[in-house]
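A.B. asks: Build me a model:
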Amino acid sequence: MAILAECPVCHKKQSASNRLCDCGEDLVKAKKSKRVHYWISYRLPGGKQRRESVGCSIEEAKDADGKRRSQKRENRIFDIKPDAKMSFYELTEWYLDLEKVKRLAYYSILKINLNSFNSSFGNVIVNKIKPVDLENYQAKRKAEGLSDSYIDSQIGAARTMINKAFDNDLVGGDVVKVFRRVDNLLKGNANARDRVLTSDEFNRLMEALPSHTRAIVATGYYAGMRKGEVLNLTWSHIDMKNRIIQLEASETKDREARKIPICDGLYDILVSIPKAIHDDHVFLFKGEPIKDIRTALARACRDAGIPYGRGTKDGFVFHDTRHCFNTNMRKSGVPESVIMKITGHSTREMFLRYDTVDSSDTRKAVDQMEGFLKSVDQNVDQVPLNIKRVNQ
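C.D. replies: So this is what the prediction gives:
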């Protein structure tokens, strides 16, 4: 068993006797200012290593270490409920290490959301959190300028983790209730977007984008795929002969396999991409898989005269390529059921969120109504003439 000190800068857990962290932080000064968090480390019966968060006092850490030593000698190490001694950091380590979780298509995003949540609650013991703590967290994040959807994603990731822990008897029902009592900031489809690029905007954007990013945006535009699906795309997913992109169930958000036809525009782009020998990913930059394109996309939008960003009026972001795909397919006369099959929308409500009705649609609708009314008027005008002919 041992007492560990967590560096307040790099969060490395190390011997409490260390005076200087590898990152250069002066741990002596950090301890005096109560910025060092202490942990105790011990092995459970069976050999599994366990770390437990105990606060910012070395005296409390020594007391907790002594208590665990006594419990271990008396074989009472499980006397305390797991959620009474487990921090969110510890629970996150357990959750992210689950093989099923590792295989999630959005695993990287899940890690980001949990890390953001843990920046405030990482050292908090799981069963100590209250609904008001989460409500204060929402208010704090909003004041920092984060969007409602992003804040909901952070708490949602923690809620999913808590539910998994409950199913495995790591936390009790009281902990689950805390997360269920906190409402999402977004209501219904409040975050639904309706940004669709015009044909001219898309062409200008393609010209402004660097080649490696251009292919990624074009894939989203022509195939309606999510950003994670595009960036993780490998050549093994693509059947160029039959012009099909095949996504397995484990690789999609809705956990359903999808087959996406490759149109001529996308085909011409894909055949121009050289295949790497060392990596099967389709989209590489300097030999490495591309993880993010926001910087390049923002710069290209600026050069093309297109507003960029969720917080900007009429701002465009990569996810809007799905809106473009849905809307363009619908305008082309493709049935909704077929579009939903390609994009992976399981409900019509979700499909409608991505199908934007613009001014050209409403103008076409009015023109159709006007044409109908004219045809009715013509029929009415013809009735007396027909009657007169019959009388004659």
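
A.B. asks: which residues of the stretch 201-350 of the chain fall in strands?
C.D. replies: Per DSSP state E, counting those that start in this stretch, the stretch 201-350 of the chain carries strands over the ranges 238-239, 244-247, 258-261, 284-285, 288-289.

A.B. asks: which one of the ones you listed lies closest to residue 212?
C.D. replies: Closest to residue 212 of the strands of the stretch 201-350 of the chain is strand 284-285 (CB to CB; 4.9 Å). (Glycine included, C-beta is placed from N, CA and C.)

A.B. asks: contact partners of stretch 153-172?
C.D. replies: Here stretch 153-172 makes contact (CB atoms under 8 Å, 6 or more residues apart in numbering) with 81-83, 86, 88, 91-92, 94-95, 98, 101, 109-110, 113-114, 116-117, 121, 126-127, 134, 137-138, 141, 173, 175-176, 179-180, 182, 184.

A.B. asks: Got a quick ChimeraX command for the buried subset of those?
C.D. replies: A single ChimeraX command selects the buried members of the contacts of stretch 153-172 (16 or more other CB atoms under 10 Å):
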select :82,83,86,88,91,92,94,95,101,110,113,114,116,117,121,126,127,134,137,138,141,175,176,179,182,184
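
A.B. asks: Of the contacts of stretch 153-172, which belong to helices?
C.D. replies: Taking DSSP state H as the definition of helices, the contacts of stretch 153-172 contribute 88, 91-92, 94-95, 101, 109-110, 113-114, 116-117, 121, 134, 137-138, 141, 173, 175-176, 179-180.

A.B. asks: Quick check: end-to-end length of stretch 93-106?
C.D. replies: The straight-line separation of the ends of stretch 93-106 (CA to CA, to the nearest Å) is 17 Å.

A.B. asks: Residue 5 should be in a strand, yeah?
C.D. replies: Yes: looking at residue 5 with DSSP: H, G, I helix; E, B strand; the rest coil, it is inside a strand.

A.B. asks: what's the closest non-adjacent residue to it?
C.D. replies: Distances taken as CB to CB, 6 or more residues apart in numbering put residue 16 closest to residue 5, at 4.5 Å, once the chain neighbours are dropped.

A.B. asks: Please report how far the one you found lies from residue 264.
C.D. replies: 65 Å (CB to CB, to the nearest Å).

A.B. asks: Show me which of these two is the more surrounded one.
C.D. replies: residue 16 (20 against 9; other CB atoms under 10 Å).

A.B. asks: Of all the strands of the stretch 201-350 of the chain, which one comes closest to residue 73?
C.D. replies: strand 288-289 (50.7 Å).

A.B. asks: Paired strands for that closest one, with orientation please.
C.D. replies: Strand 288-289 has the following sheet partners, assigned by DSSP bridges: strand 284-285 (antiparallel).

A.B. asks: tell me the average confidence for the partner strand?
C.D. replies: Average pLDDT, strand 284-285: 92.

A.B. asks: what's next to it, contact-wise?
C.D. replies: By CB under 8 Å, 6+ apart, the list of residues contacting strand 284-285 reads 212, 276, 290.

A.B. asks: ok, now with 6 Å
C.D. replies: With contact meaning CB atoms under 6 Å, 6 or more residues apart in numbering, strand 284-285 is reached by 212, 276.

A.B. asks: likewise stretch 199-211?
C.D. replies: Taking CB under 6 Å, 6+ apart as the rule, stretch 199-211 contacts 214, 296, 300, 303-304, 306.

A.B. asks: Next, the buried residues of that stretch.
C.D. replies: Applying 16+ other CB under 10 Å to stretch 199-211 flags 201-202, 204-206, 208-209 as buried.

A.B. asks: Show the average pLDDT along that stretch.
C.D. replies: Here the average pLDDT along stretch 199-211 is 91.

A.B. asks: ditto for stretch 220-234
C.D. replies: Rounded mean pLDDT across stretch 220-234 is 88.

A.B. asks: Emit the ChimeraX select command for whichever of the contacts of stretch 199-211 are buried.
C.D. replies: Remark: buried members of the contacts of stretch 199-211, expressed as a ChimeraX selection using 16+ other CB under 10 Å:
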select :214,296,300,304,306
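
A.B. asks: so which of the contacts of stretch 199-211 comes closest to residue 314?
C.D. replies: residue 306 (8.5 Å).

A.B. asks: Need phi/psi at that closest one.
C.D. replies: phi -110, psi 120 (degrees, to the nearest 10).

A.B. asks: Contacts only, for it.
C.D. replies: So residue 306 contacts 201, 316 (CB under 6 Å, 6+ apart).

A.B. asks: so where's the chain uncertain?
C.D. replies: Along the chain, segments meeting pLDDT under 70 span 44-48, 74-84, 105, 187-193, 254, 336, 343-392.
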